[in-house]
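A.B. asks: coordinates only, sequence not included:
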């Protein structure tokens with residue numbers, strides 16, 4: 001069983017924010033695989049289904065970004081899921097806009113959602129799929145930037161990133177994370193626009 005977690009903040013006012021691309025990706029994966037997000041437990045909303053032959057849980061934590069680890073830990077314990085079978089999808093400000101980056105494991109960097117998950121799992125050995133949300137404007141506070149919305153031009157490129165991450169998650173579950181990395185790390189949609 002795989003647990004696929006998209007990070008974001010719950011509630012209408014955060015819906016289109018840069019910080020919420022993890023939620024957007026979960027919606028896309030759910031849509032592409034006919035999985036309904038209709039259950040409420042583990043401080044989250046989630047849905048169960050299949051991707052290929054693998055049973056999956058698609059989860060959106062409702063704990064707000066900085067406490068994402070609470071929801072992940074509760075679900076992991078309940079279903080006895082291995083840490084390496086947890087896939088986390090989150091926003092990233094350090095990779096070029098138009099790209100996604102897939103990593104097998106690693107540090108949290110500056111991302112509070114990843115920090116919380118690593119803290120609660122006491123382990124960083126889980127794959128993360130990072131979606132670029134653009135570079136912070138120098139005079140803007142980081143929190144204000146990630147809680148801002150995308151421009152119309154950015155939304156077009158973001159859709160391509162979400163499409164990529166959805167397919168990449170499917171490939172990593174049905175085949176291998178290495179194949180997903182080979183196909184999607186390095187692809188840049190902002191260069192083709």
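C.D. replies: It's in. Remember, it's a predicted structure, so these values are computed and weren't measured experimentally.
A.B. asks: all helices for this protein, in order.
C.D. replies: Counting by DSSP state H, residue ranges of the helices within the chain are 21-32, 68-79, 112-121, 142-146, 152-174, 177-184.
A.B. asks: which secondary structure elements does the shortest one contact?
C.D. replies: Packed against helix 142-146 by the contact rule (3 or more C-beta pairs under 8 Å, 6 or more residues apart in numbering; DSSP states H and E) you find no helix or strand. For every residue, glycine as well, the C-beta is placed using N, CA and C.
A.B. asks: what residues does the least confident helix or strand in the chain by mean pLDDT touch?
C.D. replies: Among the helical and strand segments of the chain, the one scoring lowest on mean pLDDT, DSSP states H and E is helix 142-146, with a mean of 82. Residues from elsewhere that reach helix 142-146, judged by C-beta atoms under 8 Å, 6 or more residues apart in numbering: 17, 18, 19, 91, 93, 110, 133, 136, 137.
A.B. asks: Burial check on the third one, number of neighbours?
C.D. replies: As a burial measure, residue 19 scores 24 neighbours (other C-beta atoms under 10 Å).
A.B. asks: where's it relative to residue 115, distance?
C.D. replies: With distances defined as C-beta to C-beta, to the nearest Å, the gap from residue 19 to residue 115 amounts to 14 Å.
A.B. asks: I'd guessed residue 92 sits against residue 101; true?
C.D. replies: Yes. Taking C-beta atoms under 8 Å as the definition, residue 92 is a contact partner of residue 101 at 6.5 Å.
A.B. asks: Which of the two has more residues huddled nearby?
C.D. replies: Counting neighbours by other C-beta under 10 Å for residue 92 and for residue 101 shows that residue 92 has the greater number, 23 against 18.
A.B. asks: Could you report the neighbour count for the closest residue to residue 81 other than its chain neighbours?
C.D. replies: With sequence-adjacent residues excluded and distances taken as C-beta to C-beta, 6 or more residues apart in numbering, residue 81 is closest to residue 3, at 5.1 Å. By other C-beta under 10 Å, 22 other residues sit near residue 3.
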